[in-house]
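Q: one predicted model, sequence on top.
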Amino acid sequence: MLDIRFTQRRTGISYGQPSRSERTRQAVIQAALTIIARDGPRRLTFDAIARESGLSKGGVMHQFPTKIDVLKALLEHQIQYFDNPSPAGIAKSGAAEQPSALVEQLSSEVTPMDGITRSR
């Protein structure tokens, strides 16, 4: 008789959770940001990133083969951070509750150009 068994294979699909690779990349980025803020960019080395992140140097280099790759990821992270501000940061600034007040404050700080007047 034919014995057919169904087994569940690990597919690597994670529902709403980042993959191990993505968690490693994020740990490296956070470690690099910490090192730059604390020690300056000259101290950003693979050894320092590995120590700060708790990963092996090989694990860091698997995700980012060169320091240029780390710097590109840092740049992409910062662009994403500033393009997509967190709801908590917006709430803390008060901009969400009073957008017109924020616009008014910014527009009052802008000096009109010669010959051009603002109309209210």
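A: Nice, thanks for sending it over. None of these values were measured; they are calculated from a predicted model. Numbering: from 1, shown residues only.

Q: ok, Val70 to Leu33 distance?
A: Per C-beta to C-beta, to the nearest Å, Val70 is found 10 Å from Leu33. Backbone N, C-alpha and C define where each C-beta goes, glycine included.

Q: neighbour count for the two, which is higher?
A: Comparing Val70 with Leu33 by other C-beta atoms under 10 Å, the one with more neighbours is Val70, at 22 against 16.

Q: wait, the more buried one touches Ala50, no?
A: No - at 11.7 Å, Val70 and Ala50 do not qualify as touching, with contact defined as C-beta atoms under 8 Å.

Q: okay, now the unreliable bits of this protein?
A: Filtered on pLDDT under 70, the chain yields the residue ranges 1-15, 86-120.

Q: helices along that one, start to end?
A: Per DSSP state H, the chain carries helices over the ranges 20-39, 46-53, 57-63, 67-83, 87-93, 99-109.

Q: determine which stretch of those is the most buried.
A: When you average the neighbours per residue for each of those (mean count of other C-beta atoms under 10 Å), helix 46-53 leads with a mean of 18.

Q: for it, C-alpha coordinates in CSV please.
A: This file holds the C-alpha atoms of helix 46-53, laid out as CSV (Å, rounded to 0.1, in the frame of the first residue of the first chain):
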residue,chain,number,x,y,z
PHE,A,46,32.9,46.1,10.9
ASP,A,47,34.4,45.1,14.2
ALA,A,48,32.7,48.0,16.0
ILE,A,49,29.3,47.3,14.3
ALA,A,50,29.6,43.6,15.3
ARG,A,51,30.4,44.5,18.9
GLU,A,52,27.6,47.1,19.1
SER,A,53,25.0,44.9,17.4
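
Q: ok and that helix relative to helix 20-39, angle-wise?
A: Per axes from the mean of the first three to the mean of the last three C-alpha atoms, to 10 degrees, the angle that helix 46-53 makes with helix 20-39 is 100 degrees.

Q: show me what helix 46-53 is packed up against.
A: When contacts are defined as 3 or more C-beta pairs under 8 Å, 6 or more residues apart in numbering; DSSP states H and E, helix 46-53 packs onto helix 20-39, helix 57-63.
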